[in-house]
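Chemist: Dropping a prediction and its sequence here:
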Amino acid sequence: MDRNTPDQYHDVYNAFSWDLPATFNYGRDVIDEWARKTPDHKALIWCDESGATETFTFADISRLTSQFANLLIAQGVKKGDRVIVMLPRLPQWQIAMVGCIKAGAVPIPCIEMLTEKDIGYRLDNSQAIAVVTTAPNIGKYPEGTSIRIRISVGSAPGWIDMSDAIRKMPSTFECDDTALDDPAIIYYTSGSTGMPKGVTHAARALFAWRVCGLFWHELTQQDLMWCTADTGWSKAGTSILWSPWSCGSTVFFYHGRFDAAQRLELIRRFGVTVFCGAATEFRHIINLDFSRQDLPSLRMAVSAGESVNPEVLKRWQEKSGVPLIEAYGQTETLMTVSNYVGSVVKPGSMGRPLPGSSVAILDETGKPLPRGQRGQLAVIMPNPQAMIGYWNDPVRTATTRVHHNGVEYFLTGDMASMDDEGYVFYAGRSDDIISSAGYRIGPMEVENALLEHPAVLESAVVGSPDPERGEVVKAFVLLRPGVNPSDDLVREIQEHVKRTTAPYKYPRLVEFVHELPKTVTGKLLRRQLRDEEYQRRANMAPS
């Protein structure tokens, strides 16, 4: 039975209920269990841009993660201790992450691009006592911090060589018996204000995130999944680590620079069945010359983190012959809303709630709104996927929760609406919404329209202050190579938007730029552009 045919979504959703165990240690209850049942099944296929390749079975991963856990314990790591794991896309990342979980330590995955200052804040906030990183990054961890255990991938003076050290460790480990509410992982994520927040998830979340693989990716033991997310991003956790291995799938892991043509070649060569990439990647890939015959193994492509333009969805489907299915989630909750293979996908919709998650649209007072009205998207609690809270910040944590008529809601900070069939439509961050002459305009609606113009490669839309309308829509536009900016092109783009979406949404101001500010995960920093625009307008105002 196809679980996700249009007439069966509600049956599947309503039939689902959480069956949480009393305790859960991902290393023992997933990795070691698969190693016991299918020891020779491939767990990980890794390669890099030089052509080097390594393959690991579940038995290999079980042994190596146990050896790493033994190393941590031998160095004095105790249950609940925090461990910075700052590694690129290397097999040592999975080994260190799962090894920490086995030992009851709390890993803090971090991207390599963090500076010494960035790391210093995380160390001060988390009081991590151990770090695992590559030899070229050891200079970012000076003396005088909370770090007292230093493990490197590659030899470095004064650091423990990870490969050499774990070879000397026992190959079995008695895993920590982790309670469901025990902290299990911390992801640091930027907020709209203040310093990064330490999003802390419990062991129950590592169990619950398997729904992503079961109902969005529909993973089985026959699948080979490739997610290109950076190792410091929570998306990597769900789509490279927790979810695929919970389903017994094989993970493909590539260490190298982005190259659109190479993406297709690797999918073909290794037989990837499920490919997860960022919206930006798909925008480049669809411009290549390829067809379904070039990707015989691929059955699904997925994306999350930023909405994929409908034109990109259409062109990908036409060229690849497989669907590109989007989902919505946050670091604080991971995936809670998704589209589904075989189910009706409504243009512009993030989909419907994943089994196990319930959502609502709230007004400014925290009261649920009727279907069709726009407000803040909220996740109905309790939900095992949701964070415990922000590390050592109960005040900030409290701002994410509201109660109404005895129901607790987690506030996402995202604006959305829900139609009568339960489809959720994203309308931007709550502080991204443009208010113009009484109209509330979601920037993504305008950006999607702009991206359908043949001259536009990328765009970002923000509100610009206007004395008459409060705000007007301004578009920052990155043109395709070979296209020159002009006043005629501005007018052409404006008329295009008027034709593509509601006319009141068209950008009254258009500025051509050479690049757009983004986070390390590729999300547009609209707030930065908006702040700069307000400051620029203030400087232009007559004194």
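Modeler: Received the coordinates, thanks.

Chemist: measure stretch 130-138 end to end?
Modeler: For stretch 130-138, the first-to-last residue distance is 12 Å (Cα to Cα, to the nearest Å).

Chemist: Just the mean pLDDT for it, thanks.
Modeler: Average pLDDT, stretch 130-138: 96.

Chemist: which residues touch it?
Modeler: The contact list for stretch 130-138 (Cβ atoms under 8 Å, 6 or more residues apart in numbering) reads 72, 75, 77, 81-88, 90, 92, 96, 105, 112, 140-141, 147-156, 159, 162. (Each C-beta comes from the backbone N, C-alpha and C, glycine too.)

Chemist: Name the residues of stretch 378-395 that are buried.
Modeler: The neighbour-count check on stretch 378-395 (16 or more other Cβ atoms under 10 Å) flags 378-380, 383-391, 393 as buried.

Chemist: what two of those residues are the furthest from one another?
Modeler: Using Cβ to Cβ, the buried residues of stretch 378-395 span at most 24.0 Å, a distance reached by 380 and 391.

Chemist: sorry, back to before: for the buried residues of stretch 378-395, could you give me a markdown table that also reports secondary structure, distance to residue 221 and pLDDT?
Modeler: Output for the buried residues of stretch 378-395, formatted as a markdown table (DSSP: H, G, I helix; E, B strand; the rest coil; distance: Cβ to Cβ, whole Å; pLDDT from 0 to 100):
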| residue | secondary structure | distance to residue 221 | pLDDT |
| --- | --- | --- | --- |
| 378 | strand | 36 | 97 |
| 379 | strand | 30 | 98 |
| 380 | strand | 33 | 98 |
| 383 | coil | 28 | 97 |
| 384 | coil | 24 | 97 |
| 385 | coil | 23 | 97 |
| 386 | coil | 29 | 97 |
| 387 | coil | 30 | 97 |
| 388 | coil | 32 | 96 |
| 389 | strand | 35 | 97 |
| 390 | strand | 37 | 96 |
| 391 | coil | 35 | 97 |
| 393 | coil | 40 | 94 |
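
Chemist: neighbours of residue 460, just the number please.
Modeler: Residue 460 sits with 25 neighbouring residues when counted by other Cβ atoms under 10 Å.

Chemist: Return the set of residues that bridge with it.
Modeler: residue 476 (DSSP bridges).

Chemist: In this structure it contacts residue 524, no?
Modeler: Yes - Residue 460 is within contact range of residue 524, at 4.9 Å (criterion: Cβ atoms under 8 Å).

Chemist: what sits in contact with each of these two?
Modeler: Contact criterion Cβ under 8 Å, 6+ apart; residues shared by residue 460 and residue 524: 516-517.

Chemist: Residue 515 and residue 478: what is the separation?
Modeler: Distance, residue 515 to residue 478, by Cβ to Cβ, to the nearest Å: 7 Å.

Chemist: Also residue 426?
Modeler: 22 Å.

Chemist: Those two: which has the busier surroundings?
Modeler: Between residue 426 and residue 478, counting by other Cβ under 10 Å, residue 426 is the more crowded of the two (21 against 15).

Chemist: Bridged to the more buried one, which residues?
Modeler: residue 416.

Chemist: residues touching it, list them.
Modeler: Contacts of residue 426 by Cβ under 8 Å, 6+ apart are 307, 328, 350, 377, 414-416, 442, 444.

Chemist: between these, which is closest to residue 294?
Modeler: Checking those against residue 294 with Cβ to Cβ, the nearest one is residue 307 at 26.1 Å.

Chemist: Next, count neighbours for residue 283.
Modeler: Residues within reach of residue 283, counting by other Cβ under 10 Å, total 20.

Chemist: meant to ask about residue 433, not that
Modeler: Residues near residue 433, counting by other Cβ under 10 Å: 16.

Chemist: Let's see the pLDDT reported for it.
Modeler: pLDDT, residue 433: 75.

Chemist: Go ahead and confirm it touches residue 427.
Modeler: Yes - with contact defined as Cβ under 8 Å, residue 433 counts as touching residue 427 (6.8 Å).

Chemist: list residues touching both of these two?
Modeler: Taking Cβ under 8 Å, 6+ apart as the contact rule, residue 433 and residue 427 both touch 415, 442.

Chemist: ok so, going back, can I get the buried residues of stretch 378-395 in TSV including distance to residue 249?
Modeler: Output for the buried residues of stretch 378-395, formatted as TSV (distance: Cβ to Cβ, whole Å):
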residue	distance to residue 249
378	32
379	26
380	29
383	24
384	21
385	19
386	25
387	25
388	28
389	31
390	32
391	31
393	35
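
Chemist: Can you tell me which of the residues you listed comes closest to residue 471?
Modeler: residue 378 (25.4 Å).

Chemist: does the closest residue to the closest one other than its chain neighbours have beta-bridge partners, and which?
Modeler: Spatial nearest neighbour of residue 378, chain neighbours left out: residue 409 (3.9 Å); criterion: Cβ to Cβ, 6 or more residues apart in numbering. Here residue 409 sits in beta bridges with residue 380, residue 402, going by DSSP bridges.

Chemist: With residue 511 instead?
Modeler: residue 476.

Chemist: Just give me the neighbour total for it.
Modeler: Residue 511: 15 neighbours (other Cβ under 10 Å).

Chemist: wait, isn't it in contact with residue 473?
Modeler: No - between residue 511 and residue 473 no contact is recorded; they are 11.9 Å apart, counting by Cβ under 8 Å.

Chemist: contacting residues around the residue nearest to residue 378?
Modeler: 360, 362, 366, 378-381, 401-403.

Chemist: Closest one to residue 177 out of those residues, please.
Modeler: Taking Cβ to Cβ as the measure, residue 177 lies nearest residue 381 of the contacts of residue 409, at 26.1 Å.

Chemist: Once you drop chain neighbours, what's closest to the closest one?
Modeler: Nearest non-adjacent residue to residue 381 (Cβ to Cβ, 6+ apart): residue 408, at 4.1 Å.

Chemist: show me what contacts the one you found?
Modeler: With contact set as Cβ under 8 Å, 6+ apart, residue 408 has these partners: 380-382, 401-402.
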